[in-house]
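K.L.:
Build the 3D model from these lines:
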Amino acid sequence: EASDQFSLCATFYEVFAGVLPFAGRTASERLAAVRAARFEPARPSHPLPRWLRVVLERGLAQRVEDRFASVQELLGALERGRSGPSRARTLALGGAAAVALASALVVPSLVERESGAASTPCADGPDRLAQLWGPERSEAARAQVLESGSAFSESAWSRISESVATWGGQWVGEYEEACEATKVRGEQSAHAMELKMRCLDRQLIVVDATLERVGATSLPVIVASLADGPRPIECRDIAKLEATLQEPADAGTRSEIDGILRTVQKGELALLDAQPEAGLEATTAAVERARALGHGPSLAEALVPHSNLLRANHKRFEPAVREAVQLAARHGLPAVETAGWLMVSRGADDHTDIIKRDSDTSVALEAARAALARAGTPPLLAARVAQRRAEVAHMTHSDFERGVELYAEALELFRATPNPPCLLYT
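P.N.:
Numbers count the residues shown, from 1 in each chain. Modelled structure (predicted):
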């Protein structure tokens, strides 16, 4: 009970103040800060109202007897304070997405545990998310980032925690909605729920694989990858999931597919981090596993980053990327197909024959735009297509005016995405 209260207040403090309540490079330093009640000041961008500071500092008191009598009493104090004049608006400044994560991840399980209420059939979302991003992992990741010595470290940690908070809050919301629509309200079939849950499971794998690389991959790459990560809302489209989640029913094969997905993500991170040997090793392993399994969708997903790493060897690159787009088209994976055609267009730059280069680039970009339309024109992918078209207009055709138009279009599309990766370094 007392430790639950402390964990809840620590989570809320980080959400609303933008920093962990107690600082220190080692566990002993942080413990000393707890004993001395030496709280970290809130970030200027996260002003902490006085009433909220008082409530959270009481919940974070070293002595158990100085804390609230129960979690319910703590939550009551938070609700009374939040309901005061203009206070809800003040709290919103701390970030609605982060609040959603903290509330979804911590509060329901504590209230249920304290009240003794029976668990609902859809109450395990926060617990599943906590396995991915609980206090221990968050603290370990924070230490790795801040101890990196990079001038970018504080900003990177802020972006990493914000991205995970945003995504996590959305993930729990979609998880609960998918479950309740079938098990509580009876509005959708069990098969539809299974598809949505499988989609959400795959997103957990991608984010988990990214977080595993904190400390081993450069901070800008981790930040960009999380900002460019999966969107839980994409797991709502049943028709799209029916077309793209073509997976065997047996658990063993699904586990192998999950392993391939995790390996592909590690390869993509290595590629972005300018570690071609590590990237090629990972994607080669993923391609071989997918081919041995005979699972076309996984093979297509693995071949796109794999072919990118083979660009220096055109004889190997060309068949790999062509196989990727063919498999993606055959298995109804338009987003993967778009990425593959973009790779084909970049590979065309290596042609010494100018006429063939221009022809291949034009064909590839038109195919990419067609696949993009079938994918529903997601802003980030659309931005990359516009960016590639701008590069061709500008650098290949020397059409500077058209290039400027397309770069402006790409920039607006990037800005339409959460934590737009193209703006991270500006």
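K.L.:
Now do stretch 267-283: distance from first to last residue.
P.N.:
End-to-end distance of stretch 267-283 (CA to CA, to the nearest Å): 5 Å.
K.L.:
Tell me the buried residues in that stretch?
P.N.:
267-273, 275, 278-283 (16 or more other CB atoms under 10 Å). Any C-beta I mention is one placed from the backbone N, CA and C, and that applies to glycine too.
K.L.:
Pull the distance from it to the chain's centre.
P.N.:
Stretch 267-283 has its C-alpha centroid displaced from the chain centroid by 19 Å (CA atoms, centre = their mean, to the nearest Å).
K.L.:
Repeat that for stretch 358-373.
P.N.:
28 Å.
K.L.:
List the buried residues of that stretch.
P.N.:
360-361, 364-365, 367-369, 371-372.
K.L.:
Quickly find the element holding the closest residue to residue 325 other than its chain neighbours.
P.N.:
Excluding its sequence neighbours, the residue lying closest to residue 325 (CB to CB, 6 or more residues apart in numbering) is residue 340, at 3.8 Å. Secondary structure from DSSP states H and E places residue 340 in helix 334-348.
K.L.:
lowest-pLDDT helix or strand in this protein?
P.N.:
Using mean pLDDT, DSSP states H and E, the weakest-scoring helix or strand in the chain turns out to be helix 87-92, at a mean of 44.
K.L.:
related to what we said a few turns ago, can you pick out the most distant pair from the buried residues of stretch 267-283?
P.N.:
272 and 281 (15.3 Å; CB to CB).
K.L.:
what's the longest helix along the chain packed up against?
P.N.:
As assigned by DSSP state H, the longest helix anywhere in the chain is helix 153-183. Using 3 or more CB pairs under 8 Å, 6 or more residues apart in numbering; DSSP states H and E, the elements in contact with helix 153-183 are helix 96-105, helix 125-132, helix 135-146, helix 190-212, helix 219-227.
K.L.:
how about the longest one: buried residues?
P.N.:
Same thing as helix 190-212. 192-193, 195-197, 199-200, 202-207, 209-212.
K.L.:
Quick check: mean pLDDT of it?
P.N.:
Across helix 190-212, pLDDT averages out at 94.
K.L.:
Distance from that helix to the middle of the chain?
P.N.:
Using CA atoms, centre = their mean, the distance between the centre of helix 190-212 and that of its chain works out at 11 Å.
K.L.:
CA atoms only for it, dumped as PDB, please.
P.N.:
Taking Å, rounded to 0.1, in the frame of the first residue of the first chain, the C-alpha atoms of helix 190-212 are listed here in PDB:
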ATOM      1  CA  ALA A 190     -14.100 -12.500 -31.100                       C
ATOM      2  CA  HIS A 191     -12.200 -12.800 -34.400                       C
ATOM      3  CA  ALA A 192     -12.200  -8.900 -34.800                       C
ATOM      4  CA  MET A 193     -10.900  -8.600 -31.200                       C
ATOM      5  CA  GLU A 194      -8.200 -11.100 -31.900                       C
ATOM      6  CA  LEU A 195      -7.000  -9.200 -35.000                       C
ATOM      7  CA  LYS A 196      -6.800  -6.000 -33.000                       C
ATOM      8  CA  MET A 197      -5.000  -7.600 -30.100                       C
ATOM      9  CA  ARG A 198      -2.500  -9.200 -32.500                       C
ATOM     10  CA  CYS A 199      -1.800  -5.800 -34.100                       C
ATOM     11  CA  LEU A 200      -1.300  -4.200 -30.700                       C
ATOM     12  CA  ASP A 201       1.000  -7.100 -29.700                       C
ATOM     13  CA  ARG A 202       3.200  -6.400 -32.700                       C
ATOM     14  CA  GLN A 203       3.400  -2.800 -31.800                       C
ATOM     15  CA  LEU A 204       4.600  -3.800 -28.300                       C
ATOM     16  CA  ILE A 205       7.400  -5.800 -29.900                       C
ATOM     17  CA  VAL A 206       8.600  -2.900 -32.100                       C
ATOM     18  CA  VAL A 207       8.700  -0.400 -29.200                       C
ATOM     19  CA  ASP A 208      10.300  -3.000 -26.900                       C
ATOM     20  CA  ALA A 209      13.000  -3.700 -29.500                       C
ATOM     21  CA  THR A 210      13.700   0.000 -29.800                       C
ATOM     22  CA  LEU A 211      13.900   0.500 -26.000                       C
ATOM     23  CA  GLU A 212      16.300  -2.400 -25.700                       C
END
